[in-house]
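# Any chance you could fold what I've pasted below:
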Amino acid sequence: MEERPNKTSAVEATTAAQLEALLNNTATFYTEANRTAIYSTDDCGLSAAMYKASASPFNMAAVEFATWDTLYLQDDTQETMWSTEYRKIFNANMVLSLVGSVSGTDEQKAILTADAHFIRAYSYFQLASTFCLPYNESTKNELGLPLKTSTSFEESLKRVPLQEVYKQIESDLAEALKITSPWCRKAVRVTGGRIRPR
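Numbers count the residues shown, from 1 in each chain. Sure thing, here's the model as predicted:
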């Protein structure tokens, strides 16, 4: 408690099990909330009847989205998709940077590497689908996302062209598919919000 936290005082992972715990952290990976996508569709609205029937007040963002209130909507502090997905990317980058130096079997390390590449690809796809133009020949040079492929805080935050974002996604998916062991060792089923082995 005496030592102030800094970028170099954190405990470093030394085992594959610790890296697996990082990727299995439900606090980081359970949410996929994208309020902008949910509220910005034609399927979302706030009718007068719905408003009057509600026993509790609507949250402010729902009202702002429903009324296309662009003046205040950009300051929606509850929209966490950007930071949540980049946190997932940071964790994936951490696993990729440490997996070669931790103890564990080659199979554990291969699975961790594949999982980290998949998580990074998926997060970049979600971000690009939300915050960039749809990718095609005419938009490939439009602004994409900042590409973070390491845990360095000095890495550029400049948005790269959309084409580079999709090249990174494809590259990560190709790396994830190199795994030789099965993705799922047991049959599973979802019950009560949890996945259980059959």
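
# ok, now which ones touch residue 88?
28-29, 119-120, 123 (Cβ atoms under 8 Å, 6 or more residues apart in numbering). The way it works is simple: take the backbone N, C-alpha and C, and place the C-beta from them, glycine included.

# Give me the lowest-pLDDT entry from these.
Minimum pLDDT for the contacts of residue 88 is recorded at residue 29 (72).

# State whether residue 94 is indeed within a strand.
No. Counting by DSSP: H, G, I helix; E, B strand; the rest coil, residue 94 falls outside a strand, being helix.

# so it sits right up against residue 149, yeah?
No. Proximity of residue 94 to residue 149 does not meet the contact threshold set by Cβ atoms under 8 Å, at 11.6 Å.

# who has more neighbours, these two?
residue 94 (18 against 15; other Cβ atoms under 10 Å).

# quick one: low-confidence ranges for this structure?
In the predicted model of the chain, residues 1-10, 38-46, 55-62, 65, 68-70, 72-78, 180-198 satisfy pLDDT under 70.

# which stretches of it form strands?
143-146, 159-161, 188-191, 194-197 (DSSP state E).

# picking that back up, just put the contacts of residue 88 in CSV and tack on neighbour count and distance to residue 135.
Shown next, in CSV, are these (neighbours: other Cβ atoms under 10 Å; distance: Cβ to Cβ, whole Å):
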residue, neighbour count, distance to residue 135
28, 15, 26
29, 16, 25
119, 23, 20
120, 29, 17
123, 25, 16
